[in-house]
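Participant: just need the structure, nothing else, for what follows:
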Amino acid sequence: PWVSAKWAQSIDGAIALSNGDSKWMSCARSRAMVHRERGRVDALLTGIGTVVEDDPQLTPRGVRVQRLPRRIVFDPDVMTPVEAKILEGDAPATLLVGNALDAAAQRRMALLRGRGATFLPLGPKDSLKDALAALAESGVATILVEAGGGLVGRLLREGLLDEAWVFVAPLLVGDASAQRGARGIDRDVLAAIPRARLLSVRRRGADALLHYRF
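Facilitator: Numbers count the residues shown, from 1 in each chain. I've put the predicted structure just below:
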């Protein structure tokens, strides 16, 4: 599928404080645009960290919905809480899980299946490539990623991220331990990092919206 990531960050690149607080980094106009984009894609992808920390519904709200997107969670060890909001509502929820699950994870899967969840296996070393290919075969052509830096970094590392929508808020956080939009990739030489192509810069209320293609 075509994979787009979106995140809101401060001028100095923080998406959340070191304690996880990120509400609200972006302005109301930016958040409204995100809800509109949710209603235009086939699926929304998030990570288990976001589900556990924020318990999001991950649904389009307050806008005209062209389609009801599938909600997908990268959850290799099946840690999604049974009472998670992402399992509520009419939009289907799919968990991307590892291939070598222990008995406790199998029991959690049974409970989550009772809440309507479905499951797709990840590839070797929890690679996302096989799962995304299976989603494409099931009719998912576009995915919007709303997740922390760990999942975005993994998509970058596997060469699966096509574009990014970055909302830059007029804030300077200045926290050395603040969370970032992507992480988990070791770099030694700056010149070896592929550069994204900047397609557009727009103003959304108090924010700047940068659109990059990889």
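Participant: phi, psi of the residue of the chain positioned farthest from its centre?
Facilitator: Residue farthest from the centre of the chain, counting by C-alpha atoms, centre = their mean, is residue 103 at 27.8 Å. The phi/psi pair for residue 103 (degrees, to the nearest 10) reads phi -60, psi -40.
Participant: ok, and what's touching stretch 40-55?
Facilitator: Applying C-beta atoms under 8 Å, 6 or more residues apart in numbering, the contact partners of stretch 40-55 are 1, 3-4, 20, 38, 56, 58, 66-67, 69-77, 79-81, 84-86, 135, 139-148, 150-151. Every residue, glycine included, has its C-beta placed from N, CA and C.
Participant: can you give me the mean pLDDT across stretch 190-206?
Facilitator: In this model, stretch 190-206 has a mean pLDDT of 93.
Participant: residue 213 contacts residue 196, doesn't it?
Facilitator: Yes - at 6.4 Å, residue 213 counts as touching residue 196 under the criterion of C-beta atoms under 8 Å.
Participant: okay, those two: which has more neighbours?
Facilitator: residue 196 (15 against 12; other C-beta atoms under 10 Å).
Participant: who's in contact with the more buried one?
Facilitator: By C-beta under 8 Å, 6+ apart, the contact set of residue 196 is 164, 212, 213, 214.
Participant: what of residue 4?
Facilitator: By C-beta under 8 Å, 6+ apart, the contact set of residue 4 is 41, 142, 143, 144, 145, 162, 163, 164, 165.
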